[in-house]
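Asks: structure of the sequence below:
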Amino acid sequence: MTLAKGHLSLVILFALALTSCQTEDEPPQPRFVSDARGALVGESSQKREGQYFVEFRSRYALSYGHTYVVFGRLNKAGGMVNPEVAGLAPATNDTGPYVLGHFLPVPAETGASDGDLEEAYRSASWRVLLTPSEYNETVAFIRKLKAKSKFWQATVYNCNAFVAEIARSMGYKAPSIWLRPQQFVTQLREMNT
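Replies: Okay, here's the model as predicted:
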């Protein structure tokens, strides 16, 4: 009887994990740019050489997608110069640990993953322009968070939860961590601009 209850518990957990991912992604959302207070920034303000930024991003993937941040400086044309990426994902390309991570914590990595900087996979983004002091404070928090984030678990500490911590450290409200990444980034922006 105990074995049957254990199997039933696993089936229920799996069903909950699946239901949290049942919505469909939309086509890529427009890019939005604001200052740290959430005020939308005009096109000309976005093109200051050396401007610091943090960009909350989501991308499409074979599963339900991925949420992460890109940060760095901009060139005269508004393009990223040597951007860094921070996100939380299982520390493997193998699907086994990824599936297991829907039930148990699995080892995580916190850097760039395949497709993070490719425009073809971007599903939503919100770029926040920062002063040098705002940027330095945010990057210091990101580095500490990366150092302490050792495990990924889909329903407790996933990529959305990781990015939500960064957003809250910047003074923003964060949506539910159980949204699809595209919805998470879109709602994050809508809640704070």
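Asks: mind checking what helix or strand follows the least confident helix or strand in the chain by mean pLDDT in sequence?
Replies: The element with the least model confidence among the helices and strands of the chain, by mean pLDDT, DSSP states H and E, is helix 2-19, at a mean of 49. With elements assigned by DSSP states H and E, the helix or strand that comes after helix 2-19 is strand 31-35.
Asks: show the average pLDDT along the next helix or strand after that next one.
Replies: Under the assignment DSSP H and E, the closest C-terminal helix or strand after strand 31-35 is strand 52-59. For strand 52-59, mean pLDDT rounds to 98.
Asks: how many residues are close by E49?
Replies: 11 (other CB atoms under 10 Å). All C-beta atoms are positioned from the backbone trio N, CA, C, and that covers glycine.
Asks: can you tell me the closest non-neighbouring residue to it?
Replies: Using CB to CB, 6 or more residues apart in numbering and skipping residues adjacent in sequence, the residue nearest E49 is K76, 4.5 Å away.
Asks: just confirm that neighbour contacts G50, I think it does.
Replies: No: taking CB atoms under 8 Å as the contact criterion, K76 and G50 are not neighbours in contact, 9.0 Å apart.
Asks: just the element for Q187, please.
Replies: Secondary structure assignment for Q187, by DSSP H and E: helix 181-192.
Asks: again with E134
Replies: Of the helices and strands defined by DSSP H and E, E134 is found in helix 132-148.
Asks: against which helices or strands is that helix packed?
Replies: Counting contacts by 3 or more CB pairs under 8 Å, 6 or more residues apart in numbering; DSSP states H and E, helix 132-148 packs against strand 52-59, strand 66-74, strand 80-87, helix 159-169.
Asks: reformat these as TSV; add mean neighbour count.
Replies: Formatted as TSV, the entries for the helices and strands packed on helix 132-148 read as follows, by neighbours: other CB atoms under 10 Å:
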stretch	mean neighbour count
strand 52-59	25
strand 66-74	22
strand 80-87	16
helix 159-169	22
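Asks: save these as CSV, and put in distance to D114 too.
Replies: Compiled in CSV, these are given as follows (distance: least, CB to CB, whole Å):
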stretch, distance to D114
strand 52-59, 10
strand 66-74, 10
strand 80-87, 11
helix 159-169, 14
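Asks: please name whichever of those is nearest to L104.
Replies: helix 159-169 (15.9 Å; CB to CB).
Asks: packing partners for that closest one?
Replies: Contact partners of helix 159-169 among helices and strands, from 3+ CB pairs under 8 Å, 6+ apart: strand 52-59, strand 66-74, strand 80-87, helix 132-148, helix 181-192.
Asks: can we see that at 7 Å?
Replies: Here helix 159-169 is seen to pack against strand 66-74, helix 132-148, helix 181-192 when contacts are counted using 3 or more CB pairs under 7 Å, 6 or more residues apart in numbering; DSSP states H and E.
Asks: low-scoring pLDDT stretches of this protein, where are they?
Replies: In the prediction, the chain carries residues with pLDDT under 70 at positions 1-23, 42-47.
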